[in-house]
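Visitor: sequence first, predicted coordinates after that:
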Amino acid sequence: MKKLPFFLCSLCILILGCKSKDPLPAEVWSSDCVELAPFEGAYRLTGVCCEYVLLPAIETNKKRTFKVKGSYHSFTGAGYTDIPIEITGNLAPNDTTLTLKYAVNSQENVFVLNPGSAEMKCQCFCY
């Protein structure tokens, strides 16, 4: 019976020590108007006129890169499209930049983001 408190204490330490954490050193990343921020348990890339990208939680590998399935949404005049895409990314070794890449209709989009919120708001009119 004396081993039970030791076992419970050890189990608690193990559980708390294994708690997963977001591998990104900053919660929000941006460049000019573009911003990557948490959205409903995942991420949303916004700030590009009349479009946005949704991507799941990011887990980098040992090389600090990742590849995830996401969705591209653009305004059509009647609503937003929902196109499945693959997003690749790289976190710089010094944690100063996060690069995101994806292609839509054979056009590659590349964003190099820095920690922090977007400092600009771009004017966009989606009709």
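Guide: Done, it's in. Residues are numbered from 1 along each chain as shown.

Visitor: can you show me the helices along this structure?
Guide: Taking DSSP state H, the helices of the chain run over residues 3-17.

Visitor: what residue ranges in it score low on pLDDT?
Guide: For the chain, the stretches flagged by pLDDT under 70 are 1-23, 127.

Visitor: need the contact list for the spatially most central residue of it.
Guide: For the chain, residue 43 is the residue whose C-alpha lies nearest the centre (CA atoms, centre = their mean; 4.3 Å). Residue 43 is in contact with 36, 37, 54, 55, 56, 57, 58, counting by CB atoms under 8 Å, 6 or more residues apart in numbering. Just so you know, the C-beta spots here come from the backbone N, C-alpha and C atoms, and that holds for glycine as well.

Visitor: which of these sit farthest apart?
Guide: 37 and 56 (14.2 Å; CB to CB).

Visitor: alpha carbons of stretch 85-101, as CSV, please.
Guide: Below are the C-alpha coordinates for stretch 85-101, written out as CSV (Å, rounded to 0.1, in the frame of the first residue of the first chain):
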residue,chain,number,x,y,z
ILE,A,85,-4.2,21.7,-51.0
GLU,A,86,-0.9,20.5,-49.6
ILE,A,87,1.0,23.1,-47.5
THR,A,88,4.7,22.7,-46.8
GLY,A,89,6.6,24.8,-44.3
ASN,A,90,10.0,25.4,-42.7
LEU,A,91,10.8,27.0,-39.3
ALA,A,92,14.2,28.8,-39.4
PRO,A,93,16.8,27.4,-37.0
ASN,A,94,16.8,30.7,-35.0
ASP,A,95,12.9,30.9,-34.9
THR,A,96,12.8,34.2,-36.7
THR,A,97,10.9,33.1,-39.8
LEU,A,98,8.3,30.6,-40.8
THR,A,99,8.0,29.9,-44.5
LEU,A,100,4.7,28.5,-45.9
LYS,A,101,4.3,27.2,-49.5
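
Visitor: against residue 47, how distant is the nearest residue to residue 111 once chain neighbours are set aside?
Guide: Distance criterion CB to CB, 6 or more residues apart in numbering; nearest residue to residue 111, sequence neighbours excluded, is residue 100 at 4.7 Å. The spacing between residue 100 and residue 47, counted by CB to CB, to the nearest Å, is 12 Å.

Visitor: cheers, nothing more for now.
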